[in-house]
Each structure stands twice: as C-alpha cells, then as structure tokens.
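Chemist: Sequence below, structure please.
(4 chains)
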There are 2 protein chains.
Amino acid sequence: MTAPTGRRERKKAATRQKIADTALRLFLERGYEAVGIRDVAAEADVAVTTLFAHFPSKEALVFGQDQDFERRLTQAVTDRAPGEPLIPALRREVRALVGHCTGEGAAPVWRMIDASQTLLDYEKAMRLRHAESLAAAIAADLGLPPDTTACRTVARFVIDAYSLAREAADPETALDEIFRMIEAAWAVARPSGDPAGTTAP
Amino acid sequence: MTAPTGRRERKKAATRQKIADTALRLFLERGYEAVGIRDVAAEADVAVTTLFAHFPSKEALVFGQDQDFERRLTQAVTDRAPGEPLIPALRREVRALVGHCTGEGAAPVWRMIDASQTLLDYEKAMRLRHAESLAAAIAADLGLPPDTTACRTVARFVIDAYSLAREAADPETALDEIFRMIEAAWAVARPSGDPAGTTAP
DNA sequence: TTCCGAAAAGCTAACCGGTAGTGTTACGGT
DNA sequence: ACCGTAACACTACCGGTTAGCTTTTCGGAA
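Modeler: As a prediction, this is how the structure comes out:
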C-alpha cells in the first residue's frame, strides 16, 4: 500500500475516463435529460454501481473534470506576486476562466449545460462551494479568521462576476464593470490597515 | 369559467394548505429526509399525484409559501418613497427579511433547513432566481434595459447579503458591513446620470 | 331542476437516479 | 505461492416524480 504505482491505477483511471467520455458523447448526441444513467453505463460497458463508484452523481459526469476551478482561484490568491493587490489578481484569473468557457471548443458543452436547468443549478451550487474556499484563502492571505464577513462577501462577489460574465452578451466588458464594483466594495471593506494597494491599473 | 368564485377554490386552497401543514409537521417531527412523499400524502389523506398537483417538488413543500421574498424585494424597489435612494431601501428590506428568519418562531424551521443539504441547495437556487426578478425591477426603476450588467450585479450582491447575513454569527453587524460594500459598488457602477442620489444618510 | 363540461382528486404502474448487500476477479506486496 | 484489498459486477431495492386513465365534485347553462 506504500506506493501503488502500477497497472491497477492505470486501469482505474482508464475506466473513469471511458465513463466520462462516453457520458459526454451521449449527452451531446441526445441531450442530457434524454440519456439515462443506465444508458451511459451500458454504452461504457460497466455496471451502474461501477459508474457511481467513480462519480457521485449524474451531474458530476459533466462537471467532474472541473476541480481546476477551485484550485485556480485559490492559487490566484496564494501564488500571486508579492505585493500584488488582491482584486486585480482575481480579476485576471476570472477573465481567463470565463474565456476558457466562452471561447475554444467548449461551446457545445456549455450549450448543453445551458439547456438543462438541473445542470445549471448544480453548477451554481458548486460555485457557491468554491466561494467558501476562496473566502478561506483570502482570509488566510490577510491573516484573518476564515469566517470574516468581508472576505466571505468579496469571495461571493468574485463568483458572481464569473457567473454573470459567462451569461453576458459581452463577457469582457461585463467583467470590467463588475470588477470595478468589486474593487470599490473591497476598498471600503478592508478590515484594518492597507497592506496591498487598493487601486487597479 | 367566467368567475370561479366559490367552494371549489376554497376546497383547493384547503387541500393545498392541509398538505403543506402536514408536511411541515412531519418534517419537524421526524426530519426532512426521514419523511417520504408517500408518508406526507397518506397523512394528509390525499393521493401522491394530488400532492404533486399542488407542489412541484418535495422541497417546494417547505419553501412553497415563500413567494413573499421575491415580491417584498421588488416592492422595496418599486414602492419606495419618491427620491429615496435605492440601496438603503433594499438594505431595510433585507434586514427585515433576515430578522424574520433568525428571530420569531421560525427558528425550528430554519434549523431543519440548515440540517439538509438538499434544502440548502434548493434555497440558494431559488434565491438566484429571485435575483433575476430584482435585477429586472431595478433596471425598470432606472429606465434601463432589464439585462443591464450593473443592475444584475447589484441584485446578486443584495441576495448574497441576505444569504451571508443569515449565516453570520451577528447578522446585524454583517449586514451593515456588506451593505457598506454594496453601496460603494453601486456608486461606481451607475450607468449614466445620477437620477436618485448616490449617498446614504 | 337537471344536466354538461371542466377542474380536482384518485389509482395504478411505472421511470429514473441512486444505494445496499453480496459476491468475484485481478492486481500488488509479502 | 499467498493474502489482502481495490475494482468491478449483479440483484434487488428505495424514494421522488410522472403518465395514463377513471372517478368525483362543483359551476353554470339549458
């Protein structure tokens, strides 16, 4: 059990990948709601229980590969250049994340997601969970208790920015406007001191 | 079909009320997850299909009576005293709504809700839908197109304020802080002109 | 008053996402 | 060579939700 580096892990990863790929293909072909779990399992040639051993829910088949989001946001806080102000760093990362969705070959997937209320709700709930991590990261970065109101608030606002920009007709402009608002909100929220510049370039 | 004013309507309302009351009682007695739809239907002496004719989902049995929320927020915008600035009006209403949850005899219900991830997720999704109505009301009040970014953004922020304050240890203080942030955000967001004062008393 | 149409409520039977319980296989480490 | 365990499979089941169809109940026109 010390270093399980071998065929077993590869097989497991392969099964997981096959399930995810099959699911996404079927969902795109026939629509998310029109495809049942049993369809996916059969097409991927695994048992239903196996599918649920890899993914906790049907929705996770779509969003499962997306642990990045949370990590990238928290890293945007923790790994930013020393002395760089917080909000612009987040702004840059959110811009990248939004661009990653709206552009590229991801369009059909997002069209599918936008067509399913179930998936949209799941995504929003997920993002709210991400907001809690982000709030914790921000609080830690400032040496504050993790449930500080200002940090939790600004984290929510940042998640809102992502969500709203993704829906906007012109994501870039929307993002600019929303982050101007967040910047102002953060400026008056700062609990104590001014450790890292309030103004944006 | 011209003026259906009679016993039929009363009976329907009574059935709905009986279902809601029964459901809430059972949920409080045994816990939300521990009570099945079939239990509620049997105890209310109606068929399962009848139950679903009145409520679109199990969660709606808990939140169904809560159309107020949306209405009160939008009315806080539309019915405010002429010349009264927007944000303080919303602040007052949100404060009242939060107080309505944290205080009063509503405590057991909210303890039940907080104990169920399903209900919490449902509530958040519902609030996000409310944010859209609020955004529309704000935009209309300012004579702007309903999908204006600034309006949608501030509406989200207001919903966040409600949500965060409800979770906070000290809701009053949290609300003060969050609304200071919203006030600042709104001040820099205003698209064109200044039809109704930026500053709060 | 009587009868008709429609709304409300009911019953049956299922669908679908998800889980429990119980093996069975195949791999990794000893 | 062998044992422990992780991955997978199979069956049966649960709980929320819906479809299809019948029965009851009321409102209003004839």
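Chemist: what does chain A have sitting close to chain B?
Modeler: Within reach of chain B by Cβ under 8 Å from any Cβ of the partner chain, chain A has these residues: A:121, A:124-125, A:128, A:147, A:149-150, A:152-154, A:156-157, A:160-161, A:163-164, A:168-169, A:173-174, A:177-178, A:180-189. Quick note: C-beta positions are derived from backbone N, CA and C, even for glycine.
Chemist: Could you pick out the longest helix of chain A?
Modeler: Using DSSP state H, we find that the single longest helix of chain A is helix A:117-142.
Chemist: next structured bit after it?
Modeler: Beyond helix A:117-142 in the direction of the C-terminus, DSSP states H and E gives the next helix or strand as helix A:149-167.
Chemist: so what's the residue nearest the centre of chain A up against?
Modeler: Nearest residue to the geometric centre of chain A (Cα atoms, centre = their mean): residue A:69, 3.3 Å. Shown in contact with residue A:69 (Cβ atoms under 8 Å, 6 or more residues apart in numbering or on different chains): A:97, A:127, A:130.
Chemist: do the same with residue A:35
Modeler: A:23, A:26, A:27.
Chemist: Counting only strands, which of those residues make the cut?
Modeler: When the contacts of residue A:35 are checked against strands (DSSP state E), there are no matches.
Chemist: any idea how far the closest residue to DNA strand C within chain A is from residue A:190?
Modeler: Closest residue of chain A to DNA strand C, Cβ to the nearest atom of the strand: residue A:6 (2.2 Å). Computed as Cβ to Cβ, to the nearest Å, the residue A:6 to residue A:190 distance reads 52 Å.
Chemist: Next: residue A:81.
Modeler: In terms of Cβ to Cβ, residue A:81 sits 20 Å off from residue A:190.
Chemist: Which one of those two is surrounded by more residues?
Modeler: Neighbours per residue, other Cβ atoms under 10 Å in any protein chain shown: of residue A:81 and residue A:190, the larger number sits with residue A:190, 15 against 7.
Chemist: Show the contacting residues for the closest residue in space to residue A:44 that isn't next to it in sequence.
Modeler: Closest residue in space to residue A:44, ignoring its immediate chain neighbours: residue A:22 at 4.0 Å, by Cβ to Cβ, 6 or more residues apart in numbering or on different chains. Residue A:22 sits next to A:40, A:43, A:44 when contact means Cβ under 8 Å, 6+ apart.
Chemist: Next: residue A:121.
Modeler: B:121, B:125.
Chemist: I'd like the distance between it and residue B:44.
Modeler: 27 Å.
Chemist: And residue A:24, by the same measure?
Modeler: 42 Å.
Chemist: helices or strands next to the helix or strand encompassing residue A:107 in the packing?
Modeler: Assigned by DSSP H and E, residue A:107 falls within helix A:107-114. Secondary-structure packing of helix A:107-114 (3 or more Cβ pairs under 8 Å, 6 or more residues apart in numbering or on different chains; DSSP states H and E): helix A:7-30, helix A:60-63, helix A:117-142.
Chemist: Repeat the analysis, applying 6 Å as the threshold.
Modeler: In this structure, helix A:107-114 packs against no helix or strand, with contacts taken as 3 or more Cβ pairs under 6 Å, 6 or more residues apart in numbering or on different chains; DSSP states H and E.
Chemist: how far is it from where the chain is centred?
Modeler: 15 Å (Cα atoms, centre = their mean, to the nearest Å).
Chemist: got the contact list for it?
Modeler: A:27, A:28, A:32, A:101, A:119 (Cβ atoms under 6 Å, 6 or more residues apart in numbering or on different chains).
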